[in-house]
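this is the structure alone, sequence omitted:
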């Protein structure tokens, strides 16, 4: 009986460690605060989920990590925008623009523009890190 309890505690501790130390696994689903931002998330995920040659060979877990990074970017950008800007961005995304094109068409204040650029740069670095880990694992250059 004590062996089963030890095994269960061990499994529980491993799951807890994964949830705490690898947030991309536990928080891959988007947290939507309102309907307008939900449209932004859906559209940007749809437009940003293009397959590059490096993304085609990724494992499902790595694709999930990339999706998580993009969704976090979308939430952070949506938090910076006011409701009118979010509506404009949604309109641009539905018109077929990608997230970068949609953001360029908005009249952002200089502070907002700087923060959006920082978020996008940070996101790009995270995505490169995920891709480079994949390349190292597969032995590609």
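Noted; the coordinates are in hand. The model shown is predicted, which means the values in this text are computed figures rather than measured ones. Residues are numbered from 1 along each chain as shown.

contacts and neighbour counts: CA atoms only from here.
OK.

quick one, grab the pLDDT at residue 105.
With respect to pLDDT, residue 105 scores 90.

please apply the same query to residue 78.
pLDDT, read off for residue 78, is 91.

and what about it, helix, strand or coil?
Secondary structure, DSSP: H, G, I helix; E, B strand; the rest coil: residue 78 is helix.

what domains does the record give for the chain?
1-29, 31-138 (automatic domain parsing).

mean pLDDT for the ones you listed: which is lowest?
Taking the mean pLDDT of these, domain 1-29 comes last: a mean of 61.

grab the longest helix from the chain for me.
helix 110-138 (DSSP state H).

for that helix, packing partners?
On a contact count with 3 or more Cα pairs under 8 Å, 6 or more residues apart in numbering; DSSP states H and E, helix 110-138 meets helix 60-80.

buried residues of the helix it packs on, list them for me.
62-75, 77-78, 80 (16 or more other Cα atoms under 10 Å).

ditto for stretch 75-95
75, 77-78, 80-81, 85-94.

do the same with stretch 93-111
93, 94, 97, 98, 99, 102, 103, 106.

the second one and residue 102, how far apart?
When you say that, I think you mean residue 94. 10 Å (Cα to Cα, to the nearest Å).

please enumerate the shared neighbours of the two.
Residues touching both residue 94 and residue 102 (Cα atoms under 8 Å, 6 or more residues apart in numbering): none.
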